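Peer 1: Sharing a sequence plus its predicted fold:
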Amino acid sequence: MDGLNSLREAAYWFVYISLELTILFVGITFIIGLITTYVSPKKVEGILSRYGRGIAGNILGAVFGGLLPFCSCSTIPALVGLLNVGVPFRIAMSFLIASPLGVFNIAVISLFAVIFGFRVAVLYVVATFVAAVLAGIILGGLNLEREVRAVRIVGAQEEVAITTVEDASGWEALKPRLAVAWGFAQNLYRQMIPYLLVGVGIGAFIYGFVPEGFFIKYAGAGNPFAVPLAAAIGVPMYVRTETMIPIASAFVKKGVSVGTVMALLIGGAGASIPELTLLSSIFKRKLMIAYIVTIFGIATVVGYLFNFIA
């Protein structure tokens, strides 16, 4: 009977979260797609190369990296494009670090807000944004720009997820933008639905079948080493943010501290194996090590911060 109840709870959790995340993801992604028709990667490169002086440049780099809906396959070409047009190395690093974490990605923030609450979502945005800005400044201060290989990606702009619509006026201008945004939302949802369902499925299993005491013992707030251990596990693990959020929800419900979950999420999203593979084509070994250590450090510090505040 207990097994049947657990199965019922897991099934209910799976259906409820799947529907909630689907509606939220499609709606928010449509809005992102519409916004992105007004902001091309070329414009981003121009703004960063023109105004990227001092800490303001790192702030802009983190804003654009965290705001635009890039995945690793488009983040890396965008990074090369920034470096090739003369954007300072430190600013490009803030862009690179903020991008996979979805610092200002409305879809990611909305998922956080729905599942964990508005306070956690705001804290995630603030903590990861500040970390991306500071990490870019620190990496720039270490003179690691010499560790970047001379690479040019021809036609990299075509790899970005959405096309900018040419200027027009009135409804005639808005209509094609809406079509592009809807197509963007549909295409991205088709790409992301397997990851979302895998995440929800794992979360449902954890929610329904794994005893609370198991996680409280090894990953609860009482274990001071849970956060760095989660960060170390997350760094080599390929976990998309959208996949990890529903899993994280189940972890938290079972007694895992929010900070431990955030360390796992940031480590996995910031240094996934596909991204590291792509980065190895443009970063030399010393810079690769520095980048991985930076992501581990951000995941650990933010994790402890969440445990202290949240």
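Peer 2: In hand now; what should we look at?
Peer 1: And the strands in the stretch 101-250 of the chain, which stretches?
Peer 2: Taking DSSP state E, counting those that start in this stretch as the criterion, the stretch 101-250 of the chain contains no strands.
Peer 1: Just the element for F64, please.
Peer 2: Per DSSP states H and E, F64 falls inside helix 54-67.
Peer 1: Now that helix: buried residues?
Peer 2: Buried residues in helix 54-67, defined by neighbour count with 16 or more other CB atoms under 10 Å: 57-67. C-beta here means a position set from N, CA and C on the backbone, and glycine is covered the same way.
Peer 1: Distance to G102 added to these, as CSV?
Peer 2: As requested, the buried residues of helix 54-67 are exported to CSV (distance: CB to CB, whole Å):
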residue, distance to G102
G57, 21
N58, 18
I59, 17
L60, 17
G61, 15
A62, 12
V63, 13
F64, 13
G65, 10
G66, 7
L67, 9
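Peer 1: in stretch 288-298, what's buried?
Peer 2: 288, 290-292, 294-296, 298.
Peer 1: related to what we said a few turns ago, now do the helix holding F64, average pLDDT.
Peer 2: Averaging pLDDT along helix 54-67 gives 86.
Peer 1: ranges for the helices of the stretch 151-300 of the chain?
Peer 2: In the stretch 151-300 of the chain, the segments counted as helices under DSSP state H, counting those that start in this stretch are 170-209, 212-219, 226-234, 241-253, 258-270, 273-279, 285-309.
Peer 1: Give me the residue at the spatial middle of this protein.
Peer 2: Ranked by distance to the mean C-alpha position of the chain (CA atoms, centre = their mean), the top residue is L101 at 2.5 Å.
Peer 1: count of residues packed around the residue nearest to it when sequence neighbours are not counted?
Peer 2: Spatial nearest neighbour of L101, chain neighbours left out: T128 (4.9 Å); criterion: CB to CB, 6 or more residues apart in numbering. Neighbourhood size, T128 [other CB atoms under 10 Å]: 26.
Peer 1: How about the contacts made by T128?
Peer 2: Shown in contact with T128 (CB atoms under 8 Å, 6 or more residues apart in numbering): 66, 98, 101, 103, 266, 298, 302.
Peer 1: so what's it scoring on pLDDT?
Peer 2: Confidence at T128, expressed as pLDDT, is 93.
Peer 1: cool, and E158?
Peer 2: Per-residue confidence for E158 comes out at a pLDDT of 39.
Peer 1: ditto for I206
Peer 2: I206 carries a pLDDT value of 68.
Peer 1: V227 too?
Peer 2: V227 is given a pLDDT of 90.
Peer 1: Check whether V63 really touches F104, as I assumed.
Peer 2: Yes. Judged on CB atoms under 8 Å, V63 makes contact with F104 at a distance of 6.5 Å.
Peer 1: where do the contact lists of these two overlap?
Peer 2: Shared contacts of V63 and F104, counting by CB under 8 Å, 6+ apart, come down to 98, 129.
Peer 1: Counting neighbours, what do you get for V85?
Peer 2: 12.
Peer 1: Ramachandran coordinates for it?
Peer 2: phi -90, psi 10 (degrees, to the nearest 10).
Peer 1: possible to save the contacts of T128 as JSON lines with distance to E172?
Peer 2: Below are these laid out as JSON lines (distance: CB to CB, whole Å):
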{"residue": "G66", "distance to E172": "32"}
{"residue": "A98", "distance to E172": "35"}
{"residue": "L101", "distance to E172": "37"}
{"residue": "V103", "distance to E172": "35"}
{"residue": "I266", "distance to E172": "43"}
{"residue": "I298", "distance to E172": "45"}
{"residue": "V302", "distance to E172": "46"}
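Peer 1: Let me know the closest of the residues you listed to V148.
Peer 2: A98 (18.2 Å; CB to CB).
Peer 1: Tell me who's in contact with that closest one.
Peer 2: 61-66, 104, 128-129, 132.
Peer 1: how about 10 Å then?
Peer 2: 58, 61-68, 70, 75, 104-105, 128-129, 131-133, 135-136, 270 (CB atoms under 10 Å, 6 or more residues apart in numbering).
Peer 1: Helix or strand: which one has it?
Peer 2: Going by DSSP H and E, A98 is in helix 89-101.
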